[in-house]
Each structure stands twice: as C-alpha cells, then as structure tokens.
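# show me the folded form of this:
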Amino acid sequence: MIKKLKLTDYIIIAIVIVLVAVAAIFVIKKKNFSNLPVEKEVKIQFDVFFRGVTITDNKVPFKAGEDAFITIRNVPYTKLKIVALDGRPRMTLLPANNAQGYLIADDVSMPNLYDLLVKLEDTAKKTPDGYVAGGNKIKMGIPVVIEGMKYKYQGTISNVQEITENK
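Residues are numbered from 1 along each chain as shown. Modelled structure (predicted):
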C-alpha cells in the first residue's frame, strides 16, 4: 500500500533536493591546490623562527648541513636540509645614558632561553597563489615543527625566497 504524501512531506523532499544540489555545486567549484596552474618548479629557501627555546646544554642540538624532519601545519612533510642556523640567547633592553637611551644585553634572568632562526631549502611548485611544497603552502606565519633524534621545536615561517641560480 502506498500512503498519500502530505504537503510537509513534499516540503522536506524539496529541501533535501536543494541541499544536495548546493553541496554538489560547492564540491565542483571548490578550489584546491591541484586546480591552481603550476608555473614551474623552483628551489626555495625559507626561514623558520623559534622563539623561547629552552636549552640547558648551552649547545643547539642541530647544525647547518644536517637534515631535520619537518611538519608543516600539523601535517608530517619530509626531511629537509638545514642551510643555516642562527641561535642567540634571549636579549633584553636596559636603560642607558647613551645616544639611543638603551643597551641590548643578554637576559640573565633566563639563561637557558634562546631564539633560533633556521634556514631550510626545498623544491616547490610556484603558483599564482605562492609556493606549494608537498601540498602545503609555504608562506610567512605558517606553523612549522622541526624534529630530530633529541629535539622537537615549534616555530613559524618568517621569510620565503626563491633561489635564483646565476649562470
């Protein structure tokens, strides 16, 4: 036996059809990295800044030339080569009677706190929206985790530049 449909049944069916149609349009029109035209593959260098890293050994646990595993936006990526490293103890401003009115000195209240700047190198796809490496956009402000045998630090990308080879 087939029951007769009431007006509310027709309204519910119409709403479901409209919702399915709207969802299909969003899925079809959605932009993702695969839809962006790739201009070319390039080598890039990007700096990752790590603020307030606690190191009690007084030695940074990684060096330039080594490989470190990288996670970008909580997505494991790959091992990349550390091109350069700059590690400094946390600094503070002290008032002084000089032309600037202050001195910059090591912060003795936090002797084991360092700020690190790590330069990494990778191959990326250049798109109109920027650089994409391993499905991740490489832009300033993106969170990055660098990990090795004895360490795991979280920082943010502070600079991105394309490497141009002079011939």
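# wait, what's in contact with the residue nearest the centre of the chain?
What sits nearest the mean C-alpha location of the chain, by CA atoms, centre = their mean, is I142, with 2.9 Å. By CB atoms under 8 Å, 6 or more residues apart in numbering, the contact set of I142 is 72-73, 136, 156-157. Every C-beta, even on glycine, is put in place using the N, C-alpha and C of the backbone.
# state the distance from it to T156.
I142 sits 7 Å away from T156, taking CB to CB, to the nearest Å as the criterion.
# again, but for P95
31 Å.
# return the set of residues that bridge with V118.
V48, L85 (DSSP bridges).
# hmm, it is touching L80, no?
No: with contact defined as CB atoms under 8 Å, V118 and L80 do not form a contacting pair (9.7 Å).
# quick one, which of the two is more surrounded?
Taking neighbours as other CB atoms under 10 Å, V118 and L80 compare with V118 leading, 26 against 20.
# thinking again about what came up before, P95 and T156: which has the busier surroundings?
Between P95 and T156, T156 has the larger neighbour count (other CB under 10 Å), namely 14 against 8.
# what's the first-to-last distance across stretch 90-107?
Using CA to CA, to the nearest Å, the end-to-end distance of stretch 90-107 comes to 6 Å.
# report the buried residues of it.
R90 (16 or more other CB atoms under 10 Å).
# am I right that I25 sits in a helix?
Yes: counting by DSSP: H, G, I helix; E, B strand; the rest coil, I25 is found in a helix.
# picking up where we left off before, whichever of the contacts of I142 end up buried, select them in PyMOL.
Here is the PyMOL command that picks out the buried ones among these, judged by 16+ other CB under 10 Å:
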select buried, resi 72+136+157
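# which of the contacts of I142 sits closest to P37?
Within the contacts of I142, the smallest distance to P37 is 18.0 Å, found for N136 (CB to CB).
# what distance do you get for the nearest residue to the closest one once chain neighbours are set aside to Y114?
Leaving out its chain neighbours, the residue that sits closest to N136 by CB to CB, 6 or more residues apart in numbering is I72, at 4.3 Å. According to CB to CB, I72 stands 22 Å off from Y114.
# just T54 next, same as before
With CB to CB as the criterion, T54 and Y114 are 8 Å apart.
# more neighbours: the two, which one.
Under the criterion of other CB under 10 Å, the comparison of T54 against Y114 puts Y114 first, with 18 against 9.
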